[in-house]
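# attaching a predicted model along with its sequence, questions to come.
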Amino acid sequence: MAFYASMRFRTAAIIVASFILSHAAGLLFYALDRRDTLAVTEAVDRAERAADISRLLHEVPADWHDSIISFSDSRNLRVWLSDKPAVVVPEPTRTERDIAAYLRTQVPRIAEGDLRVRFIEAEEYPITPPPFDPSGRAGSPAYARNDPDKGSALTISMRHDDRQWINFIGLLGPQRVSLPSLFLANIISSAIAIALVAFWLVRRVTQPLARLSEASERLGRNLFSAPLPVSGPSEVVLAATAFNKMQRRLIRLIRGRTEFLAAISHDLRTPVTQIRLRTEMMPASPERDKNLRALDDIDAIIGTFLHYARTTDDAEVKSRIDLGALVASICDDLSDSGAMIDCDCASGVILSCKRVGIKRAVTNLIENALKYGQKARVSIQATPHAVIISVEDRGPGIPASELEGVFLPFNRGDKARSAGSGGIGLGLSIAQAIAEDHGGEVRLSNRSQGGLCAQLVLPL
């Protein structure tokens with residue numbers, strides 16, 4: 001499984017992403033609030049200058065007014081006199097009302113109806129002040145339309161006397177949402193630190209789950225594997241406890257079934273042996289020979305039962321063997337008995353397994369192929385992850401709908417395949433039990449050329 005698909009990676013990614021988003025949102029709110037605060041502060045500064053100019057014009061002689069207005073007019077604050085107020089306020093906002101109230105505190109003589117305040121955007125400038133080009137100073141028109149750097153402005157009209165109004169346009173610089181220069185470095189360093197801590201903590205939390213997964217895999221290969229250690233968070237402790245209880249119940253169930261089958265098979269052998277002895281003491285006759293053959297069949301069936309019971313509760317120790325040589329020796333022994341076997345098994349395929357169990361499983365598969373197809377082809381193939389022993393025959397095959405059911409004990413599969421073949425339907429069950437004991441499986445598939453292909457897959 002890819003690392004990015006693990007619970008550890010995804011949980012740590014959620015923590016890091018949440019941290020980055022929360023910090024980015026907090027910084028955005030801070031930047032927006034800072035922008036609004038700077039805009040209001042700059043507007044108050046323009047209003048204070050307008051109030052100072054208005055007070056000065058009332059305190060000096062009238063013939064000085066033109067000079068004062070000329071020297072007060074600048075790029076950032078335009079000042080001029082007009083017969084009518086230049087500012088029209090359809091509906092003042094709360095900020096505009098606050099600025100107007102502040103101005104009246106600075107210039108108490110101005111009544112509420114003699115003061116107008118409005119914020120306008122660069123593209124909304126409806127006011128055209130006189131051209132700004134004072135002699136002796138470098139300058140240009142204060143507000144050239146379509147200037148991309150031009151921000152909003154505060155416009156003020158205050159009554160100067162009975163005939164004139166004094167007008168102001170205070171340029172407010174563009175208020176951009178700027179992020180601190182160290183923001184990116186701060187986010188990256190914090191994210192790396194939190195990612196390391198998150199990975200370590202999440203690993204501590206999810207490690208018991210990984211142990212649970214490994215224990216489940218071991219249980220599939222070996223029912224009698226060591227119990228799962230009970231540790232970790234309370235939820236994992238409960239899961240581990242339930243897992244161990246399930247393993248104990250499975251062991252009791254299988255051992256009970258195995259002991260029951262073994263006990264019945266063993267107890268049946270005593271009366272069968274007694275009947276055989278009595279039959280052998282009878283005078284020779286065709287009926288006597290038939291009874292002895294029937295007793296041989298019964299004894300073979302009982303032996304199969306006992307072997308199946310031992311297989312499902314096998315305590316054989318694994319050892320490293322040459323699997324290719326083992327399969328080749330099985331084919332040679334069966335060939336010596338007259339079986340038609342084509343064996344393609346090279347030696348050198350080393351595997352840790354239970355030698356007696358694997359020999360029994362391979363023998364069952366080959367005998368099935370010979371029984372239903374008269375001829376078998378056996379081969380062995382090593383892959384990076386498993387060893388596959390293939391047994392092919394040219395018999396009638398098995399319908400696809402019945403491929404799974406043939407592994408059930410005493411299931412002899414399709415009637416067309418099993419008619420007249422004998423057996424009691426335990427061969428594939430024994431082979432599957434041995435394969436599962438090694439963590440592998442038996443796969444069945446119908447060949448396109450006809451017949452069945454049985455594969456014993458054993459993981460490395």
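Now that the structure is in, tell me what you want to look at.
# next SSE downstream of the helix or strand bottoming out on mean pLDDT in the chain?
Taking mean pLDDT, DSSP states H and E as the measure, the helices and strands of the chain show their lowest mean at helix 415-418, namely a mean of 46. Heading C-terminal from helix 415-418, the first helix or strand you meet, by DSSP states H and E, is helix 427-437.
# so which bits of that following helix are buried?
Using 16 or more other Cβ atoms under 10 Å as the test for burial, helix 427-437 gives 427-437. Every C-beta, even on glycine, is put in place using the N, C-alpha and C of the backbone.
# could you list the domains of this protein?
Per the record, the chain has its domains at 9-171, 213-313, 316-459, by automatic domain parsing.
# and of those, who's closest to residue 193?
Residue 193 lies closest to domain 9-171 among the domains of the chain, at 9.8 Å (Cβ to Cβ).
# for that closest one, how far is the first residue from the last?
End-to-end distance for domain 9-171: 52 Å, by Cα to Cα, to the nearest Å.
# so how far is that domain from its chain's centroid?
Centre-to-centre, domain 9-171 and its host chain are 55 Å apart (Cα atoms, centre = their mean, to the nearest Å).
# go on, stretch 200-210?
With Cα atoms, centre = their mean, you get 15 Å for stretch 200-210.
# cool, and stretch 381-400?
When distances are taken as Cα atoms, centre = their mean, stretch 381-400 is centred 35 Å away from the chain's centroid.
# do the same with stretch 241-248
With Cα atoms, centre = their mean, you get 27 Å for stretch 241-248.
# name the residues that touch that stretch?
212, 215-216, 219, 223, 225, 227-228, 230 (Cβ atoms under 8 Å, 6 or more residues apart in numbering).
# one step back: so which of the buried residues of helix 427-437 is the closest to residue 113?
residue 436 (96.9 Å).
# all strands for this structure, in order.
77-82, 115-120, 153-159, 165-171, 319-322, 340-344, 350-353, 375-382, 386-393, 441-446, 452-459 (DSSP state E).
# make JSON lines out of those and add mean pLDDT, distance to residue 190 and mean neighbour count.
Below are those laid out as JSON lines (pLDDT from 0 to 100; distance: least, Cβ to Cβ, whole Å; neighbours: other Cβ atoms under 10 Å):
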{"stretch": "strand 77-82", "mean pLDDT": "87", "distance to residue 190": "43", "mean neighbour count": "20"}
{"stretch": "strand 115-120", "mean pLDDT": "86", "distance to residue 190": "38", "mean neighbour count": "20"}
{"stretch": "strand 153-159", "mean pLDDT": "87", "distance to residue 190": "40", "mean neighbour count": "25"}
{"stretch": "strand 165-171", "mean pLDDT": "87", "distance to residue 190": "39", "mean neighbour count": "23"}
{"stretch": "strand 319-322", "mean pLDDT": "89", "distance to residue 190": "53", "mean neighbour count": "13"}
{"stretch": "strand 340-344", "mean pLDDT": "88", "distance to residue 190": "63", "mean neighbour count": "15"}
{"stretch": "strand 350-353", "mean pLDDT": "88", "distance to residue 190": "49", "mean neighbour count": "18"}
{"stretch": "strand 375-382", "mean pLDDT": "90", "distance to residue 190": "51", "mean neighbour count": "19"}
{"stretch": "strand 386-393", "mean pLDDT": "91", "distance to residue 190": "47", "mean neighbour count": "21"}
{"stretch": "strand 441-446", "mean pLDDT": "89", "distance to residue 190": "50", "mean neighbour count": "17"}
{"stretch": "strand 452-459", "mean pLDDT": "90", "distance to residue 190": "45", "mean neighbour count": "21"}
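# mind checking the ones you listed for the one nearest to residue 192?
strand 452-459 (39.3 Å).
# residue contacts, residue 349?
Residue 349 makes contacts with 322-324, 380, 382, 387, as judged by Cβ under 8 Å, 6+ apart.
# of the buried residues of helix 427-437, closest to residue 62?
For the buried residues of helix 427-437, the closest approach to residue 62 (Cβ to Cβ) belongs to residue 436, at 111.0 Å.
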